[in-house]
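Enquirer: need a structure here:
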Amino acid sequence: MVSTKELAYDIEQSEISCLQSRLSAIKKIEGNPMGIDLKCFGHATCFSAAGIPGPSFNTVKGLEDSDVKLLDQIIEFYEQRGIPARWELTPAHVSRKLLTPLSEKGYYHSDFHTSLYVSVSSVVTDEKEEGDVVVRRLKSDEFDIFASIYADSFDMPEALKPAIKANNQVLEIDRNWLFYLATVDEKPAGIAVLYIDEAVAVLAAAATLPEFRRKGVHKALINKRAIAARSRNCRLLAGQAGFGSASMRNMERAGMKIAFTKAIWSRRK
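Expert: Numbering: from 1, shown residues only. Purely as a prediction, here's the structure:
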């Protein structure tokens, strides 16, 4: 497969669907404790999670050049919530027609984030696990383990673990969300999530505890999710990673290649 604007659109829409599904489920928790709000402006979907720190859940996705006239409305959406707008812009659908006005409104290109893909039929998977790494589906009573691994892998505060548990456990009843646990010598070592968006399977999240890194945990988690994507008759496997990161290298080793690198735009301070 070669990269095209149509392919980029499909991958970006799968990312939007993934985050929309997750936050919509979290919003249904009684009292909406995470302060979830979602709103569409033209092609853009604005995600807001006042109770979840960090930019991942407070971001604008899907923006196109034709949405330039809606920039002020989007900015106001975030200003009303006291959250700075963060824009994820793909090279397939934005140009100076949008970037120049966005810069004039006080935003700048602050970071990059890479989206990768591969045809599921061409992924080389190993049905038989090797070595000390074993990957299996997460059990219903193991979301506390999931939360602990996730938080400790990213050096997050202990106090966030209950929210991480709740925000993921709420997705368990949705058959489009699959959770995995990796163990090394029978010790919990890593977790991963797969989201199915019709014909696209999204590597939605993954984390490995520092003491178990460089042991093939992330590679095994990608392998297991690729097998699941094939069993669900998905056409594409997609995922995101920091450019040049260990995660990106493992995705490339699995046969994934770059679809596009998103430009992240933030407010000037």
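Enquirer: how about low-confidence regions in the stretch 151-269 of the chain?
Expert: Scanning the stretch 151-269 of the chain for pLDDT under 70 picks out nothing.
Enquirer: Hmm, residue 183 and residue 212 touching each other?
Expert: No: applying C-beta atoms under 8 Å, one finds residue 212 not in contact with residue 183, separated by 9.1 Å. Every residue, glycine included, has its C-beta placed from N, CA and C.
Enquirer: Can you pull the residues that touch both of the two?
Expert: residue 189 (C-beta atoms under 8 Å, 6 or more residues apart in numbering).
Enquirer: Neighbour count for the two, which is higher?
Expert: residue 212 (22 against 17; other C-beta atoms under 10 Å).
Enquirer: how many neighbours does the residue nearest to that one when sequence neighbours are not counted have?
Expert: Nearest non-adjacent residue to residue 212, counting by C-beta to C-beta, 6 or more residues apart in numbering: residue 189, 3.8 Å away. Counted with other C-beta under 10 Å, residues neighbouring residue 189 total 27.
Enquirer: Wasn't residue 189 part of a strand?
Expert: Yes: counting by DSSP: H, G, I helix; E, B strand; the rest coil, residue 189 is found in a strand.
Enquirer: and residue 168, which of the three is it?
Expert: Relying on three-state DSSP, one would call residue 168 helix.
Enquirer: Could you give the number of residues near residue 257?
Expert: By other C-beta under 10 Å, 12 other residues sit near residue 257.
Enquirer: thinking it is in contact with residue 118, fair?
Expert: Yes: with contacts counted by C-beta under 8 Å, residue 257 reaches residue 118, the gap being 6.7 Å.
Enquirer: Could you check how far the residue nearest to residue 212 is from residue 161?
Expert: According to C-beta to C-beta, to the nearest Å, residue 189 and residue 161 sit 17 Å apart.
Enquirer: care to break this structure down by domain?
Expert: 5-114+262-267, 119-261 (automatic domain parsing).
Enquirer: in which helix or strand would I find residue 145?
Expert: helix 143-153 (DSSP states H and E).
Enquirer: which residues touch that helix?
Expert: Helix 143-153 has contacts (C-beta under 8 Å, 6+ apart) with 138, 156-158, 160-162, 164-165, 168-169, 172, 179, 181, 188-191, 205, 207-210.
Enquirer: same thing with stretch 116-124?
Expert: 1, 7, 11, 201, 226, 229-230, 234-241, 248, 251-252, 254-259.
Enquirer: again, but for stretch 84-98
Expert: 5, 8-9, 12, 43, 55, 58-61, 63-65, 67-68, 71, 74-75, 77-79, 99, 102, 107, 113, 115, 260-267.
Enquirer: from those residues, which would you call buried?
Expert: 8-9, 12, 43, 58-61, 63-64, 67-68, 71, 74-75, 77-78, 99, 102, 107, 115, 260, 262-266 (16 or more other C-beta atoms under 10 Å).
Enquirer: how far away is the nearest residue to residue 134 once chain neighbours are set aside from residue 164?
Expert: Closest residue to residue 134 apart from its sequence neighbours, by C-beta to C-beta, 6+ apart: residue 183 at 5.1 Å. Going from residue 183 to residue 164 by C-beta to C-beta gives 19 Å.
Enquirer: Of all residues in the protein, which one is nearest the centre?
Expert: residue 204 (4.5 Å; C-alpha atoms, centre = their mean).
Enquirer: So what are the sheet partners of the helix or strand in which that residue is found and their directions?
Expert: Secondary structure from DSSP H and E places residue 204 in strand 200-208. Sheet partners assigned to strand 200-208 using DSSP bridges are listed as strand 187-197 (antiparallel), strand 236-241 (parallel).
Enquirer: Inside helices: which ones of the contacts of stretch 84-98?
Expert: 5, 8-9, 12, 71, 74-75, 77-79, 99, 102 (DSSP state H).
Enquirer: Spatially, which two of the residues you listed are the most separated?
Expert: Largest separation among these by C-beta to C-beta: 5 and 79, giving 31.7 Å.
Enquirer: farthest residue from the center of the chain?
Expert: Max radial position in the chain (C-alpha atoms, centre = their mean) goes to residue 104, at 29.1 Å.
Enquirer: ok, now which ones touch the nearest residue to residue 35 once chain neighbours are set aside?
Expert: Spatial nearest neighbour of residue 35, excluding adjacent residues (C-beta to C-beta, 6+ apart): residue 50 at 3.3 Å. Counting by C-beta under 8 Å, 6+ apart, residue 50 touches 34-35, 37, 81-83.
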